[in-house]
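Participant: How does the following fold in three dimensions:
(2 chains, ligands or ions: 2)
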Amino acid sequence: MKTTRVNAVTRWVWPLVLLVALGLVWEMAVRLTETPRWMLPPPSAVFTSFYEDWSLLMQHTRVTLVEVLIGFVLALAAGIATGVAIDSSRIIERAVYPLLIASQTIPMVVLAPLFLIWFGYGLLPKVLITALVAYFPLAVNTVDGLKSGDREILALLRSMGASRWQRFRLAKVPAALPSIFSGARIAVAFCVIGAVFGELVGAKEGLGYLMERAASQFETARVFAAIFILAFMGVGLFVSVTLLERILLPWRRYISDGSRGN
Amino acid sequence: MDAPRPGTLLLTARDITAHYEEDGQILQALDNINLTLEDGEFVALIGPSGCGKSTLLDIVSGLYPQSGGDIIIDGEVLTLSQRLGHAAYMRQRDLLMPWRTALDNACLALEAHGLPKKQARQIARERFPEFGLSGFEDAYPAQLSGGMRQRIAFLRTVLTERRLLLLDEPFGALDALNRVALQTWLLSLWERERQGVVLVTHDVDEAIFLADQVAVLSSRPGHVVHVEHIDLPRPRTRQMVTSEAFLGHRAVLLEGLGLLEVDVVPV
Ligand SMILES: Nc1ncnc2c1ncn2[C@@H]1O[C@H](COP(=O)(O)OP(=O)(O)OP(=O)(O)O)[C@@H](O)[C@H]1O
Ligand SMILES: [Mg+2]
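Facilitator: Ligands and ions are numbered 1, 2, ... in the order given. I've put the predicted structure just below:
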C-alpha cells in the first residue's frame, strides 16, 4: 500500500518540477531577449490573461467541452456497435473492415469544409468531426478485444450448454473491455483535437474560434491561455477514462501482463 | 441432481474415430474407440501424451465432431450439438475467467444453466469451506495459487450436478500433497453423489486408486489396448496403495503402457 502511495506522488512530482522549470526558462528567455508580447508572451502574461479573461475563456471552454463529450459518446456507441457487428459475422467483417480502414485515408482537412457546407456553423458539424476522429480507434479496438477472448473459455461455456448470447455476455464482452478502454483513452484525446479543428474551420463560439479571433487581434497571451485549457481538458479526459477503467475493471491491477494469466 | 441408477448405461462410445485437419494434412487422433460407463461408475483413461484422450472428452462433451462412430448418452445416440450441456467437463487448463472473483468463477456453470446470479452465488458460497477456499470468495484468480485455482475449477465442474463428469487431468498441475488431498476429496464427493466419471490421467497410481475400470490407450492414433477392472474394495483408503492387489494392477497397467519394457535390457 505504502509503496503505491509513494509511486503516485513521485509520478506527479517530476512532471510538475519539469513544467515549472520550463516555465521559468520561458519567462527568463522572453524577458532577456525582450521579445514583444504579441509574438511570444511570457507565462506571467498568460496567467494575467487567465485572470482577466476568465469568464470569456470559460464560456468558450463550455462549448468545446460539450462538443467533445457528445462527439465521444456518439463515437463510443457507433464504434462499439461496428466492432460487435464485425465480430459477429464473417460476411460483415469482409464487407465492412476494408472500408473502415480505407475511410481513414480520407483526411479531416477535406471533410471539415464539406461539413460546414452541409451542416452550417452550429454544433452539429463539430460534433460529427469529433465523433469521426474518435470512431476509428474505438471500432478497431472493440474488434480486437472481442477477438482476443480465450477460445478455450468459449469452448468451456459451450460445453456447459451456454447460448451464443451467454457466451458473448459472459466471456467476450469482459475480455474485450480492457481493449475498448485503451481505445477510449486514445479516442478521447483525439476528440479534443477534432472539436478544435471543427471550430477553426468555421464557428461562432468555442476555444478554437476564440483562439483564431485572439490571434487575429494579436492577443497572443489569450491564444496560449486557450491552448493550456485544451491541454488540461485532454489530460483531464484521459485521466477520467483511466480512473473509470480502474473502478469498473478492478481485476486488471492483478494482471501483471501475461505473467500469470492462465 | 437425479438419483444414481446403478447398472444403467450412462455413456457408450461406439467405434469412435477422430481426426484433425491442418493445412490439408490429416492427422488421425482416435482409432475405433469403444468404451462404456455405467451410472455411478468411475472410469480412468490413461495413455501416452498426444494419444487423443482430450480429443475423446471433447467429442463426448459435444465440442469436437467424431469422424465415425456414435456417442450414446442415457440410451440415445446424440448428435454433436445435442451433447452440449449434458456433461460437466473440466478441461486440462483451469480456464478461470480473470475478471471474475473466485466465487463468481465457481458459479459460472450455474449461471450458464440459467440460475439467477444471487442464487448461484449462494449455492457456490456454501461449498467453499469444504474445498478449503473459505475467505477467498472475493479474490481474483491472479491472486490465487495454482492449487486453489484448480480447486475452484473443480468446484465449478461439480456444482453443475450433472450425472456425467468428464475430468481431464484435474490434478495435473498440482504438487504431490495437493494432489493426494484432492484425490481423497474427489473420492469422498463421488461416494456421496455417485456420478459417472471419466477421468483422464497420466498417473497410473491415481487411476488405480480412484477408478473401477482403467482403460489404457495406445499412442496416436489412440485405441483401447487394455481395460483393467480394479477390484479394490470401496471406500478406498490410502493404505491400499501398498497392497498386493494394487501392485498387481500397477504391473499390468505399466505393461499395457509399454513402460515395463523400458526396464528390460535388450539382449
Ligand atoms: N486443434 C487441433 N488441431 C490439430 N491437431 C490437434 C488439435 N488438438 C489436438 N491435436 C492433435 O491430436 C492429437 C491428440 O491430442 P489430444 O490433445 O487429444 O491428446 P492427449 O492424449 O490429451 O495428450 P496430453 O496427454 O498431452 O494432454 C495430438 O497429436 C495433437 O497434436
Ligand atoms: Mg490432453
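Participant: For the stretch 51-200 of chain A, which residues are neighbours of chain B?
Facilitator: If contacts are counted using C-beta under 8 Å from any C-beta of the partner chain, the residues of the stretch 51-200 of chain A sitting beside chain B are A:150, A:152-153, A:155-162, A:166, A:170-171, A:174-175, A:177. For every residue, glycine as well, the C-beta is placed using N, CA and C.
Participant: how does it look with 6 Å?
Facilitator: In this structure, the stretch 51-200 of chain A approaches chain B at residues A:152-153, A:155-156, A:158-162, A:166, A:174, judged by C-beta under 6 Å from any C-beta of the partner chain.
Participant: so which of the residues you listed comes closest to residue B:170?
Facilitator: Proximity of these to residue B:170, judged by C-beta to C-beta, is greatest for residue A:156, which lies at 13.7 Å.
Participant: which residues touch the helix or strand the closest one falls within?
Facilitator: Secondary structure assignment for residue A:156, by DSSP states H and E: helix A:151-159. Here helix A:151-159 makes contact (C-beta atoms under 6 Å, 6 or more residues apart in numbering or on different chains) with A:167, A:171, B:61, B:63, B:84, B:89, B:95.
Participant: how close does the closest residue to residue A:245 other than its chain neighbours get to ligand 1?
Facilitator: Across the structure, with C-beta to C-beta, 6 or more residues apart in numbering or on different chains as the measure, the residue nearest residue A:245 apart from its sequence neighbours is residue A:181 (4.3 Å). As defined by C-beta to the nearest ligand atom, to the nearest Å, residue A:181 lies at a distance of 31 Å from ligand 1.
Participant: helix/strand/coil for residue A:181?
Facilitator: The three-state label for residue A:181, taken from DSSP: H, G, I helix; E, B strand; the rest coil, comes out as helix.
Participant: Tally up the residues packed near it, please.
Facilitator: With neighbours defined by other C-beta atoms under 10 Å in any protein chain shown, the count for residue A:181 comes to 19.
Participant: I'd like the mean pLDDT over the helix holding residue A:156, please.
Facilitator: The pLDDT scores in helix A:151-159 average 95.
Participant: returning to what we had before: can I get the contacts of helix A:151-159 in CSV with secondary structure, distance to residue B:31 and pLDDT?
Facilitator: Supplementary listing: the contacts of helix A:151-159 in CSV, determined by DSSP: H, G, I helix; E, B strand; the rest coil; distance: C-beta to C-beta, whole Å; pLDDT from 0 to 100:
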residue, secondary structure, distance to residue B:31, pLDDT
A:167, helix, 32, 95
A:171, helix, 34, 95
B:61, helix, 20, 95
B:63, coil, 20, 95
B:84, coil, 25, 93
B:89, strand, 23, 95
B:95, coil, 28, 95
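Participant: closest to ligand 1 among those residues?
Facilitator: Closest to ligand 1 out of the contacts of helix A:151-159 is residue B:63 (10.5 Å), distances taken as C-beta to the nearest ligand atom.
Participant: and that closest one, how many neighbours?
Facilitator: Neighbourhood size, residue B:63 [other C-beta under 10 Å]: 21.
Participant: Tell me the confidence at residue B:22?
Facilitator: In the prediction, the pLDDT value recorded for residue B:22 is 88.
Participant: pLDDT score assigned to the residue nearest to residue B:235 when sequence neighbours are not counted?
Facilitator: Nearest residue to residue B:235 in three dimensions, chain neighbours excluded: residue B:191, at 5.8 Å (C-beta to C-beta, 6+ apart). Confidence per residue is given as pLDDT, and for residue B:191 that number is 90.
Participant: Pretty sure residue B:191 sits in a helix.
Facilitator: Yes - using three-state DSSP, the secondary structure at residue B:191 is a helix.
Participant: That one and residue B:33, how far apart?
Facilitator: 28 Å (C-beta to C-beta, to the nearest Å).
Participant: ditto for residue A:52
Facilitator: Applying C-beta to C-beta to residue A:52 and residue B:33 gives a distance of 86 Å.
Participant: give the contact list for the closest residue to chain B within the stretch 101-250 of chain A.
Facilitator: With C-beta to the nearest C-beta, the shortest gap between the stretch 101-250 of chain A and chain B falls at residue A:161, namely 2.2 Å. With C-beta under 6 Å, 6+ apart as the criterion, the residues that contact residue A:161 are B:84-85.
Participant: Shouldn't it be within a strand?
Facilitator: No - counting by three-state DSSP, one finds residue A:161 to be coil, located in no strand.
Participant: By neighbour count, sort out the buried ones in the contacts of helix A:151-159.
Facilitator: Burial by neighbour count, judged by 16 or more other C-beta atoms under 10 Å in any protein chain shown, picks out A:167, A:171, B:61, B:63, B:84, B:89, B:95 from the contacts of helix A:151-159.
Participant: Within reach of ligand 1, which of those residues are there?
Facilitator: With C-beta under 6 Å from any ligand atom as the criterion, no member of these is in contact with ligand 1.
Participant: okay, these in a markdown table with distance to residue A:226 next?
Facilitator: Below are these laid out as a markdown table (distance: C-beta to C-beta, whole Å):
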| residue | distance to residue A:226 |
| --- | --- |
| A:167 | 49 |
| A:171 | 46 |
| B:61 | 62 |
| B:63 | 59 |
| B:84 | 60 |
| B:89 | 61 |
| B:95 | 52 |
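Participant: center of chain A - which residue?
Facilitator: Geometric centre of chain A, nearest residue: residue A:188, 1.6 Å, by C-alpha atoms, centre = their mean.
Participant: what's the nearest residue to it if we skip its chain neighbours?
Facilitator: Leaving aside its chain neighbours, residue A:188 sits nearest to residue A:237 (4.4 Å; criterion: C-beta to C-beta, 6+ apart).
Participant: Relative to residue B:185, how far out is that neighbour?
Facilitator: Distance from residue A:237 to residue B:185, by C-beta to C-beta: 52 Å.
Participant: and those two? which has more neighbours close in?
Facilitator: The residue with the greater number of neighbours, taking residue A:237 and residue B:185 and applying other C-beta under 10 Å, is residue A:237; the counts read 21 against 15.
Participant: and that one, how far is that from residue A:194?
Facilitator: Plainly put, residue A:237 is 12 Å away from residue A:194 if you go by C-beta to C-beta.
Participant: what about the strands in the stretch 101-250 of chain A?
Facilitator: When secondary structure is read from DSSP state E, counting those that start in this stretch, the stretch 101-250 of chain A shows no strands.
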